[in-house]
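Engineer: pasting the structure only:
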């Protein structure tokens with residue numbers, strides 16, 4: 001379980017920073033907003049991993 005927390009802690013820290021831009025940390029719904037941002041970050045990371053080869057190929061073609 002510690003390895004999973006090593007992966008999730010930086011992601012949740014980043015999600016808290018981004019959520020702090022939109023909602024005050026003392027707001028009762030801050031945790032919900034933080035988790036929504038975290039889900040979007042996870043989805044973006046999964047999409048980047050899934051399309052990594054296509055993205056790198058497109059970047060190589062631009063040069």
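Structural biologist: Alright, I've got the coordinates. Given the structure is predicted, the values throughout are model-derived calculations rather than measurements.

Engineer: report the buried residues of the helix or strand of the chain with the lowest mean pLDDT.
Structural biologist: Sorting the helices and strands of the chain by mean pLDDT, DSSP states H and E puts helix 2-22 at the bottom, at a mean of 90. Neighbour counts using 16 or more other CB atoms under 10 Å place 12, 15-16, 19 of helix 2-22 among the buried residues. Bear in mind the C-beta positions are built from the backbone N, C-alpha and C, glycine included.

Engineer: can you list contacts of it?
Structural biologist: If you take CB atoms under 8 Å, 6 or more residues apart in numbering as the criterion, helix 2-22 is touched by 25, 30, 33-38, 41-42.

Engineer: next structured bit after that helix?
Structural biologist: Sequence-wise, the next helix or strand beyond helix 2-22 is helix 30-50, with elements assigned using DSSP states H and E.

Engineer: so which bits of that next one are buried?
Structural biologist: Residues 30, 33-34, 37-38 are the ones in helix 30-50 that count as buried (16+ other CB under 10 Å).

Engineer: what residues are up against the residue nearest in space to the middle of the chain?
Structural biologist: Of all residues in the chain, the one closest to the mean position by CA atoms, centre = their mean is residue 41, 2.1 Å from it. When contacts are counted by CB under 8 Å, 6+ apart, residue 41 touches 11, 14-15, 18.

Engineer: same thing with residue 48?
Structural biologist: Applying CB under 8 Å, 6+ apart, we find residue 48 in contact with residue 55.
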